[in-house]
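Provide a 3D model corresponding to the input given below.
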Amino acid sequence: MIHGLDITIPLGLPGPAPEVLAATVAGSGPEGLAFFGVDLTGLRLTADDSDLVLGDGPRDVALSTLTIVLIATGRHPVPARTAVG
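Below you'll find the model as predicted:
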């Protein structure tokens with residue numbers, strides 16, 4: 001799924017539905033995300049188009065499921081922990 005996004009996104013092709021993307025990373029704990037070098041300390045990423053939530057930090061950041069999956073797999077930068085919003 002993730003490698004498929006590596007192809008479809010640059011080509012501007014439609015990707016999987018948010019629920020399908022959410023299922024690919026649902027239940028990933030810090031150790032699973034660590035594989036990709038992702039540190040969500042202090043953050044809680046909440047999808048605005050599915051029920052995906054990653055992280056348990058005090059700063060809640062609402063993003064699309066696609067963006068959260070890209071962050072979780074090291075393909076998109078992690079939001080700043082000190083940014084307002």
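
what about the longest helix along the chain, average pLDDT?
Longest helix of the chain, by residue count under DSSP state H: helix 2-11. Mean per-residue pLDDT for helix 2-11: 90.

check what pLDDT Val25 gets.
In this prediction Val25 is given a pLDDT of 84.

so what's the residue nearest the centre of the chain closest to, chain neighbours aside?
With distances taken as Cα atoms, centre = their mean, Ile68 lies nearest the centre of the chain, 1.8 Å away. Residue nearest to Ile68 in three dimensions, not counting chain neighbours: Leu45, with 4.8 Å by Cβ to Cβ, 6 or more residues apart in numbering. Every residue, glycine included, has its C-beta placed from N, CA and C.

what about the nearest residue to Gly42 once chain neighbours are set aside, neighbour count?
Excluding its sequence neighbours, the residue lying closest to Gly42 (Cβ to Cβ, 6+ apart) is Gly57, at 4.0 Å. Burial measure for Gly57: 13 neighbouring residues, criterion other Cβ atoms under 10 Å.

before I go, just wanted to say thanks for your time.
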